[in-house]
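Peer 1: just a sequence and a predicted model for now, questions to come.
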Amino acid sequence: MSYNRKELLDRIDTKYKEIDQDPDVHLSGLSYAKPITYWDYIQTDALLGLQIPRTNQPDEMVFIMYHQVNELLFKMVLWEIDQVAKTDEISAEKFSMHLMRISRYFDMLSNSFTVMADGMERDQYLKFRNTLTPASGFQSAQYRKIEFASTELINLIDVKYRDTIDRNSPFKNAYDHLYWQAAGKNHSTCEKSVLIKLFDKKYMGDFIDFMEDYNECNLSKKFKQLPKEVQKDATLIEAMRHYDYTVNVKWVLAHYNAAGKYLGGKEKELEATGGSSWRKYLHPKYQRRIFYPYLWSPEELKNWGTF
């Protein structure tokens, strides 16, 4: 894009005067600024210094980098969600556009599980994984926020309590009955594991604030707030369904299958590092996590996770 020099200076002048700043001071500062470089802009050195293995197993580096890439993609997802959630009036076209961006990120995440399944030697993984206990991917705060920002809380409540929980109870009560809480409990004593205690200590307050913040502007609520005729937009409905299926079936099953390679066995299956029964925790037919149940047929809901 090219600019007329006078028009460009006028735009700069207007921009800074609107925020009560002297344009000449900013132009003076710009005249002394160093040229930007790729490595400074991307913060390459900082990024590449974040991988700190705990063992001497080479494939642990793959494991660390893989999960760091996941977290960056989760941040991209949350950024896209906010473009919908924080927009007062949104068109079906813009809503669909951001949903499809999010779905593409989760497509990348789903496909990337081949890095986990084929990118590490099983013997190496089983050695370094013991140093990770009780840490678990379960403790990804960004992923939990993606869930909170995508649907109403009732759809994240454990299926055992979903029909009976008081929907007007405090957010703390909802938090205590979320579906993933079950994976962090000793079912013989009903006590929370170290995994969930540490997670609660670091994030519970932040999560409850986040749940409250998105209670009326999560993606499901934003959809329901659209005019009725817009809610019938075929492209938007398909985008909603695609996102729901990609996150809650496709990506979850990819994780499940990757876990099976390392934790499954003919004689004895290993527990996840957090101590959960990973086959029941991960499989979508048990989790029954569905962001937009009103967009699926009774038959599809019945067979969730198996089609």
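Peer 2: Ah, there it is. Being a predicted model, the structure only gives us computed values, none of them experimental. Residues are numbered from 1 along each chain as shown.
Peer 1: nearest the geometric middle of the chain, what residue?
Peer 2: In the chain, the centroid-proximal residue (Cα atoms, centre = their mean) is residue 143; its distance is 3.0 Å.
Peer 1: now that residue: how far from residue 78?
Peer 2: 10 Å (Cβ to Cβ, to the nearest Å). For glycine as for every other residue, the C-beta is placed from the backbone atoms N, C-alpha and C.
Peer 1: what does residue 146 give?
Peer 2: 6 Å.
Peer 1: in terms of neighbours, single out the busier of the two.
Peer 2: residue 146 (20 against 16; other Cβ atoms under 10 Å).
Peer 1: distance between the longest helix belonging to the chain and the chain's centre?
Peer 2: Of all the elements of type helix in the chain, the one with the most residues (DSSP state H) is helix 59-85. Taking the mean of its C-alpha atoms, helix 59-85 sits 7 Å from the chain's own mean (Cα atoms, centre = their mean, to the nearest Å).
Peer 1: for stretch 144-160, same thing?
Peer 2: 12 Å.
Peer 1: one more: stretch 222-229?
Peer 2: The answer for stretch 222-229 is 24 Å, by Cα atoms, centre = their mean.
Peer 1: quick check: end-to-end length of it?
Peer 2: End-to-end distance of stretch 222-229 (Cα to Cα, to the nearest Å): 14 Å.
Peer 1: per-domain residue ranges of the protein.
Peer 2: Using automatic domain parsing, the domain ranges for the chain come out as 5-33, 60-302.
Peer 1: nearest approach to residue 44 belongs to which of those?
Peer 2: domain 60-302 (13.6 Å; Cβ to Cβ).
Peer 1: chain center to the closest one: distance?
Peer 2: That offset, for domain 60-302, works out to 6 Å (Cα atoms, centre = their mean).
Peer 1: and what of stretch 58-75?
Peer 2: For stretch 58-75, the distance to the chain centre is 14 Å (Cα atoms, centre = their mean).
Peer 1: which parts of the protein are strands?
Peer 2: 185-186, 191-192 (DSSP state E).
Peer 1: which residues touch the last one?
Peer 2: Read that as strand 191-192. 184-186, 200 (Cβ atoms under 8 Å, 6 or more residues apart in numbering).
Peer 1: check stretch 48-62 too.
Peer 2: By Cβ under 8 Å, 6+ apart, stretch 48-62 touches 64-65, 68, 115, 119-121, 124-125, 127-128, 131-132.
Peer 1: equivalent analysis for stretch 292-304, please.
Peer 2: 151, 155, 220, 223, 237, 240-241, 244, 249, 284-285, 288, 290, 307.
Peer 1: show the buried residues in those residues.
Peer 2: Among those, those scoring as buried are 151, 155, 220, 223, 237, 240-241, 244, 249, 284, 288, 290 (criterion: 16 or more other Cβ atoms under 10 Å).
Peer 1: stretch 48-57: end-to-end distance?
Peer 2: Span of stretch 48-57 from end to end, Cα to Cα: 19 Å.
Peer 1: what is the mean pLDDT for that stretch?
Peer 2: Averaging pLDDT along stretch 48-57 gives 96.
Peer 1: re the thing from before, where among the strands of the chain is average confidence lowest?
Peer 2: Taking the mean pLDDT of these, strand 185-186 comes last: a mean of 74.
Peer 1: can you list the strands that it pairs with?
Peer 2: strand 191-192 (antiparallel) (DSSP bridges).
Peer 1: any weak-confidence spans in this protein?
Peer 2: 1, 187, 264-281 (pLDDT under 70).
Peer 1: gap between the closest residue to residue 75 other than its chain neighbours and residue 229?
Peer 2: Spatially, and ignoring its direct neighbours in sequence, residue 75 is nearest to residue 142 (6.3 Å; Cβ to Cβ, 6 or more residues apart in numbering). Distance, residue 142 to residue 229, using Cβ to Cβ: 35 Å.
Peer 1: between these two, who's got more neighbours?
Peer 2: residue 142 (14 against 8).
Peer 1: hang on, the more buried one packs against residue 81?
Peer 2: No: counting by Cβ atoms under 8 Å, residue 142 stays clear of residue 81, with 11.0 Å between them.
Peer 1: if I look at the residue nearest to the centre of the chain, how far off is residue 89?
Peer 2: 29 Å.
Peer 1: what about the helices in the stretch 51-200 of the chain?
Peer 2: 59-85, 92-111, 113-118, 122-128, 141-150, 171-176, 194-213 (DSSP state H, counting those that start in this stretch).
Peer 1: in TSV: the ones you listed, plus distance to residue 303.
Peer 2: As requested, the helices of the stretch 51-200 of the chain are exported to TSV (distance: least, Cβ to Cβ, whole Å):
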stretch	distance to residue 303
helix 59-85	26
helix 92-111	20
helix 113-118	23
helix 122-128	32
helix 141-150	22
helix 171-176	27
helix 194-213	30
